[in-house]
Every structure is written in structure tokens, then in C-alpha cells.
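[1] Need a 3D model of the sequence below.
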Amino acid sequence: INLQLGVLTSGGNWQGRTMPEAESAEQERMAAIRSAWLKSDKAAAQILSMEKELTGFRTTLRTLNTISPVLLEISEQIASLLAQSGGSPREVAAAGQLVMLTQRLGKSANEFMTPEGINQDTAFMLGKDANTFRDIITGFTEGSAVLRLPPISNPDARGRLGELQSVFEKYRRELSGILSNLGKFISAKEAERAVFQENEP
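    From the prediction side, this is the model:
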């Protein structure tokens with residue numbers, strides 16, 4: 001569009017044809033058009049400058065959606081093993097919390113970016129839930145006075161916990177890519193909204 005406006009205003013070659021410079025009255029009209037276009041031009045350039053992050057978000061979300069069912073399955077197995085082996089109420093409750101957090105993490109990741117914009121409350125919850133999930137895993141592995149959790153002694157549950165920790169590290173790395181680019185996603189959504197609002201005028 002910038003190239004087209006330039007040719008229409010100052011003249012030049014366009015698709016094999018030579019265009020003359022616009023007359024005075026047309027120059028004023030083109031100046032008004034160019035002025036109206038500037039906001040959309042700036043917003044479009046802003047979106048294009050973040051192409052890597054925006055296309056990467058879709059890839060990251062697919063990866064998170066692939067990992068989520070695995071986290072849920074292992075968390076449920078740990079909760080079941082602790083319940084069956086006579087784990088303390090605190091251990092069983094913490095394992096149940098892992099199951100709940102797995103489900104909420106998956107839901108929040110998919111609701112993070114909406115047509116209306118970035119849900120910053122969801123973004124905050126994503127980070128908070130991921131940290132809580134990590135703390136519970138650490139509590140089960142090493143013990144935690146804060147969470148009042150001893151290290152898991154059941155060998156089967158401990159084996160599954162090692163798997164959960166490994167899978168969650170992959171999930172957390174992907175998730176951090178989203179959260180670290182939060183500002184860029186917000187800017188991109190604002191730019192998208194600007195282009196949409198200026199479209200009709």
C-alpha cells in the first residue's frame with residue numbers, strides 16, 4: 001500500500017505502466033489518505049516484527065496440548081498409588097492437587113489468547129499454577145516443610161514421580177516461552193485491534 005500511495009502521489013511505474021504525478025487537488029487528497037493510513041501501517045509493521053513469536057505461539061500451544069494428557073495420566077497414577085499404599089491425608093491431597101493443576105494448566109494455556117486480546121489474569125494463573133506444580137513435585141521428591149510433605153517412600157509412586165518431573169520440565173520450558181513474551185503478545189493484539197478499527201475509515 002505504501003508503494004501504491006507513493007506512485008499515485010509522485011508518479012512512477014506500476015505494473016508496466018507509467019503514472020504521472022498527481023495534480024494539486026489530488027495531491028491533497030492523497031496526503032489525507034496517507035495520513036489516515038499511517039496508524040494501520042504502523043500497526044501492521046508491529047505485527048510483522050513479531051512474526052516469529054506469534055507463529056511460535058501456535059507451535060508451543062500444540063506442544064503443550066500434547067504434553068498435558070501425559071501429565072494428567074502420570075499425576076492420576078501417583079495419586080492412586082499413594083491412596084492404595086496408605087499415604088497420609090496430606091500426601092493424598094497434594095497428589096490430588098497435581099491432578100487438578102494439570103487440568104487447569106491445560107485449560108488456561110488454551111484460554112490465554114482470545115479474539116478480544118490477552119487474558120492477563122489467565123497468564124498470571126498459568127505462572128502461579130506452574131510454580132505450585134513444581135513445588136509439589138519437589139516436596140514429594142525431597143520433602144518440604146512448607147508443604148508439610150515428606151519424600152515419597154513408595155517405590156512405584158517414586159518411579160512415576162521421576163517420570164512426572166521429567167515431562168513437566170519439558171512443559172515448563174514451553175510455557176516459559178509464552179510467559180516471557182507476554183508483552184509482545186499484548187502489543188500484537190493491540191496492533192491487530194488498531195488495524196481492524198481503522199479498516200472501514
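
[2] What are the boundaries of the strands in this structure?
    Counting by DSSP state E, one finds strands in the chain at the ranges 12-14, 17-19, 113-114, 117-118.

[3] And those: which comes nearest residue 102?
    Judged by C-beta to C-beta, the one of the strands of the chain that comes nearest to residue 102 is strand 113-114, at 20.5 Å. Yep, even glycine has a C-beta here, placed from its N, CA and C like the rest.

[4] would you turn the strands of the chain into a markdown table with mean neighbour count and mean pLDDT?
    As requested, the strands of the chain are arranged in a markdown table below (neighbours: other C-beta atoms under 10 Å; pLDDT from 0 to 100):
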| stretch | mean neighbour count | mean pLDDT |
| --- | --- | --- |
| strand 12-14 | 12 | 80 |
| strand 17-19 | 11 | 81 |
| strand 113-114 | 16 | 70 |
| strand 117-118 | 16 | 68 |
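
[5] Nearest to residue 51, out of these?
    strand 113-114 (15.3 Å).

[6] Could you pick out the longest helix of the chain?
    helix 51-84 (DSSP state H).

[7] In it, which of the residues would be classed as buried?
    53-54, 57, 60-61, 63-64, 67-68, 70-79, 81-82 (16 or more other C-beta atoms under 10 Å).

[8] Equivalent analysis for stretch 121-135, please.
    Using 16+ other C-beta under 10 Å as the test for burial, stretch 121-135 gives 122, 123, 125, 126, 129, 130, 132, 133.

[9] now swap in stretch 158-165 and tell me
    The neighbour-count check on stretch 158-165 (16+ other C-beta under 10 Å) flags 160, 161, 164 as buried.

[10] quick one: the residue lying closest to residue 90 once chain neighbours are set aside and residue 70, what's the gap?
    Ranked by C-beta to C-beta, 6 or more residues apart in numbering and with sequence neighbours excluded, the top spatial neighbour of residue 90 is residue 148, at 5.6 Å. As defined by C-beta to C-beta, to the nearest Å, residue 148 lies at a distance of 28 Å from residue 70.

[11] show me what contacts the nearest residue to residue 79 once chain neighbours are set aside?
    The shortest distance from residue 79 to any residue other than its chain neighbours is 3.8 Å, reached at residue 95 (C-beta to C-beta, 6+ apart). With contacts defined as C-beta atoms under 8 Å, 6 or more residues apart in numbering, residue 95 is in contact with 75, 78, 79, 82, 83, 87, 140.

[12] What of residue 110?
    Per C-beta under 8 Å, 6+ apart, neighbours of residue 110: 61, 65.

[13] what residues are up against residue 163?
    Residues near residue 163 by C-beta under 8 Å, 6+ apart: residue 74.

[14] quick one on the thing from earlier: go through the buried residues of stretch 158-165 and say which is closest to residue 13.
    Looking across the buried residues of stretch 158-165 and measuring by C-beta to C-beta, the closest to residue 13 is residue 164, at 63.8 Å.
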